[in-house]
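Novice: would you be able to build a 3D model of this:
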Amino acid sequence: MAKSGQARVPTPEQQRRFFQLIQNHRHPEKNTAIMQISFKLGLRAQEVALLQVKEVARLNSSGTEFNLLEVMSLPAAYTKGANAMKRSKSHYQRKTISFDVESFDKVVRQIEALAKSGADIDSENFYPPVKQHKGKSRDLPMVDQSLREALAQYLSLRLSKGEKLKPSSPLFITQKGGPYSSNTLQEHMALMLRGWAGIEKASSHSGRRSLITNVIHKQKKSVKIAQKIAGHVNPSTTLIYEEPPEEILAETLKSMD
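Specialist: Numbering: from 1, shown residues only. Prediction:
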């Protein structure tokens, strides 16, 4: 069962209804494409926000026509924690720090020396450096027909409005015409799932969790394959998805009758 705070895995019926409901709201082409990428490729909200046109399509020289690619090549810089385009408004705040014994003894000696000299002591000067997440690139085949249709319809709509696209153009743009920030897109995806479709405890991570859970539990594929799709550096992160989702637990409990 999902741990407290984990995104809800929508049932197949909930997913079908969800994509139908998107058509009843504004910007259905864009919203369908966003959520198809989430459910069919398992991208994090930050990765979706950073996507450029060149990741999904090849443009002609004038930027007025396109051909969808067969494979999305996701750069390592797009992955969790990298903030490649400096769009994230969130700032990392340390809650815990750790030292090995040798480093801790060294810090104590430094503090003792400063205290004896009467110098001011700022604890932050002794914190160990923050480990930077380097990210992990991955190639994701865009083979799902619903995904390809959604992307084609969305890009065609933008071109029909007279927009000339560049390879570096943001794939998804807000109503103001600029790229999404990670936080804004997370909130928008959660609104669609919870507000429009009424899926309890759903979040921007629901599509990603649904895909990886499906690979492990329903398709019975190896954790290695799921890890590759997810872009996890450490396989232990992927193993979290081995926990059965609520749908499987519900089916099991129902069969008790």
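Novice: low pLDDT regions in the stretch 151-257 of the chain?
Specialist: For the stretch 151-257 of the chain, the stretches flagged by pLDDT under 70 are 245, 256-257.
Novice: how far off centre is the helix or strand harbouring Ile216?
Specialist: Using DSSP states H and E, the element containing Ile216 is helix 206-217. Distance of helix 206-217 from the chain centroid (C-alpha atoms, centre = their mean, to the nearest Å) equals 13 Å.
Novice: what pLDDT does the residue most central in space within the chain get?
Specialist: In the chain, the centroid-proximal residue (C-alpha atoms, centre = their mean) is Arg44; its distance is 0.5 Å. Here, the pLDDT recorded for Arg44 equals 94.
Novice: these two touch, right, it and His205?
Specialist: Yes: the pair Arg44 and His205 passes the contact test of C-beta atoms under 8 Å, sitting 7.3 Å apart. Where you see a C-beta, it was placed from the backbone N, CA and C, and this is true even at glycine.
Novice: leaving out the residues flanking it, which one is nearest to Arg208?
Specialist: Distance criterion C-beta to C-beta, 6 or more residues apart in numbering; nearest residue to Arg208, sequence neighbours excluded, is Gly42 at 4.5 Å.
Novice: give me the distance between the two termini of stretch 123-140.
Specialist: End-to-end span of stretch 123-140 (C-alpha to C-alpha, to the nearest Å): 45 Å.
Novice: SS state for Ser73?
Specialist: Following DSSP: H, G, I helix; E, B strand; the rest coil, the label given to Ser73 is strand.
Novice: burial of the closest residue to it other than its chain neighbours, as a residue count?
Specialist: Distances taken as C-beta to C-beta, 6+ apart put Asp139 closest to Ser73, at 5.2 Å, once the chain neighbours are dropped. Using other C-beta atoms under 10 Å, Asp139 has 10 other residues around it.
Novice: now Ile212
Specialist: 24.
Novice: then Val108?
Specialist: That count, for Val108 with other C-beta under 10 Å as the rule, works out to 12.
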